[in-house]
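*Asks:* this is a predicted model, with the sequence first.
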Amino acid sequence: MQPLHPAPTRPRSLIALLGFPGISLPELLTMPNRRPLSYFNSAYQPLSEFPVSSLRHSSSSITRFIHSKILQETYRHRIPIRTNITRQGGGWGRSNGPGGPFRRAFDSIPGQVIVGAIVGINILVFIAWYVAGANARLGNPSLWKTMRQHLIRSHENIRAGRYWTFVTSIFSHQELWHIAVNSIAIWSIAPMIVSVLGNTRFIAFYLISGVMGNAFSYLWHQYGRHDPTYSSNGASGSMNGVIALVAAWYPTTTFLFFFVVPAPAWLLVGGVAAYDAYSTFITKRPPLNIDGAAHLGGLFTGFAYVLAKRFRIL
C-alpha cells in the first residue's frame, strides 16, 4: 500500500456489491479445522493426491523455491487442500441456496487463474495510470482526475461519499516498483492460500484484508496523525493479510527476503510488522513513502482470522 502526498464499509455489503451474494463474513470464517483427513468427505484429498503442478505455475526459480517450501510445510502440518467446496448446513457439499450455482462454477476455476486475474487487473490499472499521466502532461488531465476520484483512498474522496475507493484502491498502483513487488508477492504466495480457502473465500478474504488495511490507515492518519491530506493506494494491505495466514499456518516456510536472503515466515512477518509499526507510530514521515498503517491493518485481519478459527469464535 503506497501513500500519495500532494468509516470503513461493511465487509458483507462489499462482497454482495461485487457479486458474491452467497457469502457472508461469518461464513468466510467457517473454514475446516485442522482435523485428521479421515474426518473430511471426498472433497478433501491428501497432499500425495493433490496435483502439485497446479501450484507451480510460474517458471521463476524464486516462486518454485517458495512453492516447494510451502508444500513441505503443508505435508508436515497436514493441512487439507480444498478443491471445489461449497457449504450447506453443518457439512461440506452442494449448495442450492442463493449464489450456490455461481459459487460452484467460480470455485471450479483453477486457482492460478484467479491469482493471474488479480495480477492482470493490477497491470491494466497501472497502464491506465501511465496513459493518464501522459495525457495530463500534454494538457488533458481529465482521465487523471477521474482515476484520482475513483482509484485513490483519500479523505477528499471519502468525504465526497466515494466509499468504493476502500476497494478499488486495492487494485491501483502508480509506480513500477510498487506494482512489481506486489505482483511478485501475489503470484508467488497467494496460490497456496487459494488452494486452502477456495476461490470464493480467498477473494472475500483478500478484499476484506485490503478494506481493513485501508480503514485502519484512514482512521489513523485522520484522527491519530491529524493529516487529512494523506492518501494511498495499492494491494499491500491485502497481501499482508495473505502473508499473515501463511506465517500462522506454515511458520517455518522459507521466503527469500529481498529475493536473496532465506528467512522463515514467522521471522519475516515479525520483521515486517516491527518495521511497519515503527514507520506508523514513531516516525513523522514514513521512510520509502510506504503506508505502514495499511500493512498493519492487513496483518491484523489475517491473524484475527486465524485466532477466530483457533478459538472457534464463529
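*Replies:* Nice, I can see it. Numbers count the residues shown, from 1 in each chain.
*Asks:* name the residues of whatever helix or strand residue 106 lives in that are buried.
*Replies:* Using DSSP states H and E, residue 106 falls within helix 100-107. Buried residues in helix 100-107, counted by 16 or more other CB atoms under 10 Å: 102, 103, 104, 106, 107. The C-beta positions use only the backbone N, C-alpha and C, and glycine is treated the same way.
*Asks:* same check on stretch 262-269?
*Replies:* Quick answer for stretch 262-269 (16+ other CB under 10 Å): 263, 264, 265, 268, 269.
*Asks:* could you do stretch 134-144 as well?
*Replies:* 143, 144.
*Asks:* with stretch 142-153 instead?
*Replies:* Result for stretch 142-153 [16+ other CB under 10 Å]: buried residues 143, 144, 147, 148, 151, 152, 153.
*Asks:* which one of these is nearest residue 123?
*Replies:* residue 151 (13.9 Å; CB to CB).
*Asks:* which ones are touching that closest one?
*Replies:* 125, 129, 165, 168, 169, 171, 172, 233 (CB atoms under 8 Å, 6 or more residues apart in numbering).
*Asks:* ranges for the helices of the stretch 51-200 of the chain?
*Replies:* 61-77, 100-107, 111-137, 142-151, 155-159, 165-168, 176-197, 199-219 (DSSP state H, counting those that start in this stretch).
*Asks:* pick the most buried one from those helices.
*Replies:* Of all these, helix 199-219 carries the top mean neighbour count, a mean of 25, counting by mean count of other CB atoms under 10 Å.
*Asks:* the following helix or strand past it: partners in the sheet, and parallel or antiparallel?
*Replies:* Per DSSP H and E, the first helix or strand lying C-terminal to helix 199-219 is strand 231-233. If you go by DSSP bridges, strand 231-233 pairs up with strand 2-4 (antiparallel), strand 153-154 (antiparallel).
*Asks:* ok, of the ones you listed, where does mean pLDDT dip lowest?
*Replies:* Averaging pLDDT over each of those singles out strand 2-4 as the lowest, with a mean of 59.
*Asks:* okay but residue 114 is in contact with residue 198, surely?
*Replies:* No: here residue 114 does not reach residue 198: they are 9.8 Å apart, not a contact under CB atoms under 8 Å.
*Asks:* so what's in contact with these two at the same time?
*Replies:* By CB under 8 Å, 6+ apart, no residue touches both residue 114 and residue 198.
*Asks:* ok but residue 285 is inside a strand, no?
*Replies:* No: assessed with DSSP: H, G, I helix; E, B strand; the rest coil, residue 285 is coil; it does not lie in a strand.
*Asks:* so, low pLDDT: which residues of the stretch 51-200 of the chain?
*Replies:* 51-99 (pLDDT under 70).
*Asks:* let's have the buried residues of helix 100-107 in a markdown table, adding distance to residue 276.
*Replies:* A markdown table is the format used below for the buried residues of helix 100-107 (distance: CB to CB, whole Å):
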| residue | distance to residue 276 |
| --- | --- |
| 102 | 36 |
| 103 | 34 |
| 104 | 38 |
| 106 | 33 |
| 107 | 33 |
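*Asks:* which of the residues you listed lies closest to residue 120?
*Replies:* residue 106 (16.7 Å).
*Asks:* now the closest one: how far from residue 200?
*Replies:* 6 Å (CB to CB, to the nearest Å).
*Asks:* residues in contact with the nearest residue to residue 231 once chain neighbours are set aside?
*Replies:* Excluding its sequence neighbours, the residue lying closest to residue 231 (CB to CB, 6 or more residues apart in numbering) is residue 154, at 3.4 Å. With contact taken as CB under 8 Å, 6+ apart, residue 154 is in contact with 4, 148, 165, 230, 231, 232.
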